[in-house]
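# give the three-dimensional model of this entry:
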Amino acid sequence: MTATAKSVTAGAKGVTAPRSLRRDALLSLPDKGVGVHRRVEPSGFHQWRALSGRSIRAMVREGQLFIAIIAPLVFTIGFYLPLKFVMQIKGIDYAQFLMPIIVLQAMAFTAISASQVAARESANGFTTRLKTMPVSAPAPLTSRMTSSFFRSVVALTAALLFGHVIGFRFSAGFWQAAAFCGFGLLIGVTLSLGADAIGSLAKSPEATSQALALPQLILGMLSCGFVPEEGFPEWIRPFVRNQPISQFSFAMRDMAEGGITASVLLPAALWCAGLLVVCAPLAVWASVRRG
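Now for the predicted structure:
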């Protein structure tokens with residue numbers, strides 16, 4: 001038996017590799033009919049597909065997709081009903097005002113789930129196991145991001161459906177609506193990359209979820225996503241106005257109604273690009289490092 005086949009067989013004693021990866025590795029066994037080795041290494045695409053399928057099936061089996069649907073509903077009910085009439089008195093259509101922060105909260109919740117997946121795979125040895133196999137280095141991270149993106153799409157769809165029920169509408173045209181959805185998903189991917197890195201390094205699902213939930217809560221509440229800037233004390237308004245959650249909310253609110261302008265889009269785009277520049281390399285390093 002070759003070393004590759006032995007490494008696959010040894011998975012039965014520890015963390016088992018995905019079925020399609022084990023099948024591809026076994027293709028390197030000697031062909032007794034001709035006395036030669038047939039080495040058929042799985043391509044990076046096939047490895048990514050196998051690992052992505054494994055992650056998505058695990059999400060369905062463990063009920064994570066159901067949670068991705070329920071979370072936006074909880075956010076919508078929890079904030080819309082208590083503040084609806086107060087905002088109506090001030091002349092604010094609260095369904096339109098609230099929708100961006102509901103989407104952003106859903107994306108943040110998706111990122112927390114991504115950190116838990118990365119931490120669990122690191123803690124149970126699955127990540128280490130993949131590094132001992134002929135698996136393409138980008139495959140584990142890209143497969144986790146694929147499953148996270150899938151979860152984000154589900155959460156975004158649920159948030160928009162619930163928003164439609166309370167009265168949210170896209171009034172700026174198809175392309176602005178597409179920009180709203182695309183920008184929301186981009187933020188979701190960016191946050192998931194950072195959360196994946198934290199989960200891979202911490203190796204503790206409980207610790208990572210607690211560490212990420214607090215910043216999400218603080219930045220969400222101290223933003224212009226739930227209430228206008230005028231609702232905060234004057235001394236904290238500069239922070240509230242300029243922090244990323246508020247800037248994302250401003251941009252997405254304009255995309256949904258009236259159309260985005262360059263002056264509103266630029267700060268949000270810069271925040272998103274800055275976070276992506278930090279989170280993407282960190283996620284790659286955390287995924288490929290050994291030890």
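# which stretches of the stretch 101-250 of the chain have low pLDDT?
Scanning the stretch 101-250 of the chain for pLDDT under 70 picks out nothing.
# all helices of it, in order?
For the stretch 101-250 of the chain, the helices defined by DSSP state H, counting those that start in this stretch cover 126-131, 138-166, 174-202, 205-221, 237-242, 244-256.
# how about TSV for those helices, with distance to Phe109 and mean neighbour count added?
Heads up, the C-betas are built off the backbone N, CA and C, glycines and all. Formatted as TSV, the helices of the stretch 101-250 of the chain follow (distance: least, C-beta to C-beta, whole Å; neighbours: other C-beta atoms under 10 Å):
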stretch	distance to Phe109	mean neighbour count
helix 126-131	23	18
helix 138-166	7	21
helix 174-202	10	21
helix 205-221	8	15
helix 237-242	22	14
helix 244-256	14	23
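# nearest to Arg49, of these?
Closest approach to Arg49 among these is made by helix 138-166 (8.2 Å; C-beta to C-beta).
# packing partners for the closest one?
Contact analysis of helix 138-166 by 3 or more C-beta pairs under 8 Å, 6 or more residues apart in numbering; DSSP states H and E lists helix 44-62, helix 64-89, helix 94-123, helix 126-131, helix 174-202, helix 262-288 as its packing neighbours.
# re earlier: output the helices of the stretch 101-250 of the chain in JSON lines, with distance to Gly231 appended to each entry.
Putting the helices of the stretch 101-250 of the chain into JSON lines (distance: least, C-beta to C-beta, whole Å) gives the following:
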{"stretch": "helix 126-131", "distance to Gly231": "45"}
{"stretch": "helix 138-166", "distance to Gly231": "20"}
{"stretch": "helix 174-202", "distance to Gly231": "23"}
{"stretch": "helix 205-221", "distance to Gly231": "11"}
{"stretch": "helix 237-242", "distance to Gly231": "9"}
{"stretch": "helix 244-256", "distance to Gly231": "12"}
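# between those, which one is closest to Leu276.
Leu276 sits nearest to helix 174-202 of all the helices of the stretch 101-250 of the chain, at 4.8 Å, using C-beta to C-beta.
# what packs against that closest one?
On a contact count with 3+ C-beta pairs under 8 Å, 6+ apart, helix 174-202 meets helix 94-123, helix 138-166, helix 205-221, helix 244-256, helix 262-288.
# looking at the helices of the stretch 101-250 of the chain, which is nearest to Ser287?
Among the helices of the stretch 101-250 of the chain, the nearest to Ser287 by C-beta to C-beta is helix 138-166 (4.0 Å).
# so that closest one versus helix 174-202, what angle?
130 degrees (axes from the mean of the first three to the mean of the last three C-alpha atoms, to 10 degrees).
# closest one to Met87 among the helices of the stretch 101-250 of the chain?
helix 138-166 (12.1 Å).
# correct me if wrong: Leu104 contacts Gln247.
No. Counting by C-beta atoms under 8 Å, Gln247 is not a contact partner of Leu104; they are 10.8 Å apart.
# residues contacting Ala71?
Neighbouring residues of Ala71 by C-beta atoms under 8 Å, 6 or more residues apart in numbering: 105-106, 109, 155, 158.
# who's in contact with Asp196?
By C-beta under 8 Å, 6+ apart, Asp196 lies in contact with 114-115, 117-118, 141, 144-145, 148, 283, 286-287.
# repeat that for 6 Å
By C-beta atoms under 6 Å, 6 or more residues apart in numbering, Asp196 lies in contact with 114, 118, 144, 283.
# out of the residues you listed, which is nearest to Arg49?
Arg144 (13.5 Å).
# any idea how far that closest one lies from Asp196?
Applying C-beta to C-beta, to the nearest Å, the value for Arg144 to Asp196 is 6 Å.
# farthest-separated two in the contacts of Ala71?
Farthest pair in the contacts of Ala71 (C-beta to C-beta) is Gln105 and Ala158. Separation: 12.0 Å.
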